[in-house]
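In: Quick one: sequence and predicted model below, then my questions.
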Amino acid sequence: MIAIQTFGLTRQFGGFVAVEGLDLAVERGSFFGFLGPNGAGKSTTIKMLTGLLAPSAGGIEILGHDLVSDPIQVKRLIGVVPEDLNLFDRLTGAEYLTFVGRMYELDRRVVTERTGELLRLMELEDKPRALLIEYSHGMRKKISLAAALIHSPQVLFLDEPFEGVDAVAARVIKNLLERLRESGVTIFLTSHILEIVERLCTDIAIIDHGRLIASGPLDELRTSVDTTLEDYFVRLVGGGRRMAETLSWIE
Amino acid sequence: MSQLLTLLWLRYTVFKNTLRSRREMTRTAFNVIFTGGYLVFSLLAGLGLFLAVVLVADFRELAAKGAMPGLLGLLFYLIMFTQTTGSSAHFDPRRFVLFPVRLGKLFLLNLISAPGELVMITILPSVAGLLLGLGVARQEPAAGAVAFLTALIWIDALFVLISLFTAWLFAGRRRSTEVIVAVVLGIFLIASQTLPLMAESATLRALWEWLSPYWEPASGAAGWTPLGVWAEFFGLLDRGETRAAYARLLAVSLGWAGAAMALGYAIFSRLATRPQAGTSHKPGAGGAARGENFLGLRLPFLSEQVSVILAKEWRYFTRNTAIYLNLFTTLLITLIAFGPSGQQRPDLAFGGEFSQWWDGFRVAAWVAYALAVNSQHFVNVFAFDGAGFRHYLLAPARWRRILVGKNLAAWLLLAAQVVMILAGAQLLYDYLTWGKVLIAACSMAIAGSVYTIIGNYLSTRFPYRAEFGVRVRRSTQQFSATNMAAVFGMFVGTGGLLAAPFAAGMLLRNQSVKYLLFPLLGALCGSLYVLLLNRQSALLERNRYLIAESLASRDERTQG
């Protein structure tokens, strides 16, 4: 079954086309890595897939529900960790998770239990009175992930979840994501850290200048090109030329 | 010099870039019209003062002796008001710490640009009118011009110092300190309003008499302060001591201005490396993760989502220093005005038969005042959500519920203030009757509905980001003159609506008319809100991306 499907997804900002005619199909239960160089259109795509940005053209279906005609149902099914975290800065961690849980209309007892559990798992329980504005960048990433998980979503969108996260926290998150995938959750991940993508993802797609230039199961890709994901990625997005260049004032 | 030019270029470019979108152009046009109107009004006031000083001998004498301290008191009040509502534009030193630019240059630019601030536009024409008028009237225009220039330098330095001091107080403080700061600011803020009201009280008269032996030496010392040096300057000129007059004026006013600048610069330097503005708390001592908190409460008669939005908003209110400041000042001002000395004032209590028909008007007026003070929570309901607004995009909640939750929270804030005012008036002065309670409740329904309906429209069409304790920068995070003009219009409009039942009762010589019209108007306005709710929710849904974009910080905006 397809978890995420797009049809000719396009987004323009004035005259600039950020994403052009994107056709994606992500299998349910897969760990999907969505890659691309800076400015390729990854974040724009993920924002459109999650309803944070309106597409200029094209359609989106999540678990068979159309995002435009059935947005409430789609929102119940997905969890999102956006690159630009959407936190209410003047709430404490527990208050924030409670807010999110109750916005998803979870039972109060369930919210309380899950909030405590998530705070413990993310090691955020030591500063119960600290407001989110006082959290470090890594802590903000972790609380954002906790908020995305509190309602037990079936599809999880993660935009650069490992950026600014220390090694210990990154390990915790990786293990958690692997367990989620084993339990059947579909995970859609963007990351610049290709080692993590190589370790976690089952499928990948590469986007450049708003267009899809490669996609498929990671194992197939590995056997067909017989190289590392990094080399393949750099070759595909034309990074080889730039790597040879240097600055005129550096001898 | 090139760095100074670069900074000026930066200010111009940032301003120019804000005009790229039609919405920003509309907003800027409103700002220009509003500020231009304000400038014209201030210039007319200054011209009036100038003519009064030149043509009226008694006024001239008054101006030479005592008007300056009064004007500076007004300036101080206005500066404080601006700091709490947030409309000043300054270079934030934190943005330039990494560049090889001296902080002194940024500070200098802030000093130079300060006369363009709304507060300064208000005060400077009046000061100019007084001092230039005094010079012209004495046929010594040069003396007036020098007095004005020194006044300008001193006021400029004082303005920047107070702005920076307030920013420093708000930056990186603990919540308890923020509340204390708010209370202290509140005391300063209300002083200029409450003292005239209390002037006739026995306590103040006794205090005045007790202090009388000290007045003479105190007034002598005042001649060595920027508040009194201008009176001293013209006094010395009258006595023919020209050289001493100029020496004293320059030494005193420039000395104080220099001290203010030095102190201001010291604060400016500290601000450059301060942590991000916000409340800091000591971490709790260990403590297990507890999921339970205030936001988990389910409120009766409300859906789960409306309940939690309301609870979240209330959490935000309790963590916003400006709310405490508003609450404190509103309470104190209204309670003093309700008091016996206030009631004796003919303009407040009205006299004779008139007061019989307008009995209870003061209750309605203070409801309108409380609303105006809290208007920002009605006309820009998502302001403090920032990036958190995206949660409303992600959550499986209808926009109608989100809007209702927000509106209810603002209403609750208003109701809390009104209840406190009325309870205080009753406890202190035994002021209330059932009729006045009815008027208060209906006034809340009438004025609250009007503010909510217009406010919802403004919140969805002209949203802008606001941060706790951080002043809104005019060029980037627009403090909207659109909203300010609308608030003014709503204040006047609701004033008319609230006065209508009293006027009708008086015209028809029947008190029952008043008590019938109030509930009727309340029901009408409330119904109008309910009728428009779906349409306003649809507008909110249509503009959701625009709002998310407007509330995101510069680093969070989506392009490409």
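Out: Cool, the structure landed. Residues are numbered from 1 along each chain as shown, chains lettered A, B, ... in the order given.

In: Low-confidence ranges, the stretch 301-450 of chain B, go.
Out: Low-confidence segments of the stretch 301-450 of chain B, defined by pLDDT under 70: B:321, B:334-353.

In: ok, which stretches of it are helices?
Out: Assigned by DSSP state H, counting those that start in this stretch, the stretch 301-450 of chain B shows helices spanning B:304-318, B:321-338, B:340-344, B:346-349, B:352-357, B:361-373, B:376-379, B:390-394, B:399-429, B:434-461.

In: Pick the most buried one from these.
Out: Stretch with highest mean neighbour count among these: helix B:376-379 (a mean of 26; mean count of other C-beta atoms under 10 Å in any protein chain shown). All C-beta spots, glycine's among them, are computed from the backbone N, C-alpha and C.

In: That helix vs chain A: in contact?
Out: No - using C-beta under 8 Å from any C-beta of the partner chain, we find that helix B:376-379 stays clear of chain A, coming within 14.4 Å at best.

In: who touches that helix?
Out: Applying C-beta atoms under 8 Å, 6 or more residues apart in numbering or on different chains, the external contacts of helix B:376-379 come out as B:85, B:371, B:383, B:409-410, B:413, B:451-452, B:454-455, B:458-459, B:466, B:483, B:486-487.

In: what's the answer for stretch A:224-242, then?
Out: Stretch A:224-242 has contacts (C-beta under 8 Å, 6+ apart) with A:35-37, A:40, A:194, A:197-198, A:204, A:206, A:208, A:213-214, A:218, A:221-222, A:243.

In: How are the helices of chain A distributed by residue range?
Out: Per DSSP state H, chain A has helices spanning A:42-50, A:71-77, A:93-103, A:108-121, A:137-149, A:167-182, A:194-200, A:218-225, A:229-236, A:239-244. These are given in chain order.

In: least trustworthy helix or strand in chain A by mean pLDDT?
Out: helix A:239-244 (a mean of 64; mean pLDDT, DSSP states H and E).

In: Which single one of the contacts of helix B:376-379 is nearest to residue A:113?
Out: residue B:409 (27.2 Å; C-beta to C-beta).

In: Give me the distance from the longest helix seen in chain B to the chain's centre.
Out: Secondary structure of chain B per DSSP H: the longest helix is helix B:22-55. Put simply, helix B:22-55 sits 18 Å off its chain's centre (C-alpha atoms, centre = their mean, to the nearest Å).

In: on that earlier part again, could you dump the helices of the stretch 301-450 of chain B to CSV with distance to residue A:173?
Out: Formatted as CSV, the helices of the stretch 301-450 of chain B follow (distance: least, C-beta to C-beta, whole Å):
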stretch, distance to residue A:173
helix B:304-318, 26
helix B:321-338, 36
helix B:340-344, 62
helix B:346-349, 64
helix B:352-357, 70
helix B:361-373, 46
helix B:376-379, 38
helix B:390-394, 20
helix B:399-429, 30
helix B:434-461, 37
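
In: Next one: the residue of the stretch 401-550 of chain B found nearest chain A, what pLDDT does it get?
Out: Ranked by C-beta to the nearest C-beta, the top residue of the stretch 401-550 of chain B for proximity to chain A is residue B:545, at 5.7 Å. The model reports residue B:545 with a pLDDT of 88.

In: That one contacts residue A:51, correct?
Out: No - counting by C-beta atoms under 8 Å, residue A:51 is not a contact partner of residue B:545; they are 9.8 Å apart.

In: and these two? which has more neighbours close in?
Out: Neighbour comparison, residue B:545 and residue A:51: the larger count goes to residue A:51, with 21 against 15 (by other C-beta atoms under 10 Å in any protein chain shown).

In: Surely that one and residue B:393 touch.
Out: Yes - assessed by C-beta under 8 Å, residue A:51 is found in contact with residue B:393 at 5.8 Å.

In: burial measure for residue B:489, as a count.
Out: Using other C-beta under 10 Å, residue B:489 has 11 neighbouring residues.

In: And the helix or strand encompassing it, how far out from the chain middle?
Out: Using DSSP states H and E, residue B:489 sits in helix B:481-507. Centroid separation for helix B:481-507 versus its chain: 20 Å, with C-alpha atoms, centre = their mean.

In: Show me the shaky parts of chain A.
Out: By pLDDT under 70, the low-scoring segments of chain A are A:239-245, A:251.

In: hmm, stretch A:40-60 touching chain B?
Out: Yes - using C-beta under 8 Å from any C-beta, stretch A:40-60 reaches chain B at A:41, A:43-44, A:47, A:50-54.

In: For these, could you give me JSON lines that also reports distance to residue A:228?
Out: JSON lines is the format used below for these (distance: C-beta to C-beta, whole Å):
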{"residue": "A:41", "distance to residue A:228": "24"}
{"residue": "A:43", "distance to residue A:228": "25"}
{"residue": "A:44", "distance to residue A:228": "27"}
{"residue": "A:47", "distance to residue A:228": "30"}
{"residue": "A:50", "distance to residue A:228": "30"}
{"residue": "A:51", "distance to residue A:228": "35"}
{"residue": "A:52", "distance to residue A:228": "33"}
{"residue": "A:53", "distance to residue A:228": "33"}
{"residue": "A:54", "distance to residue A:228": "37"}
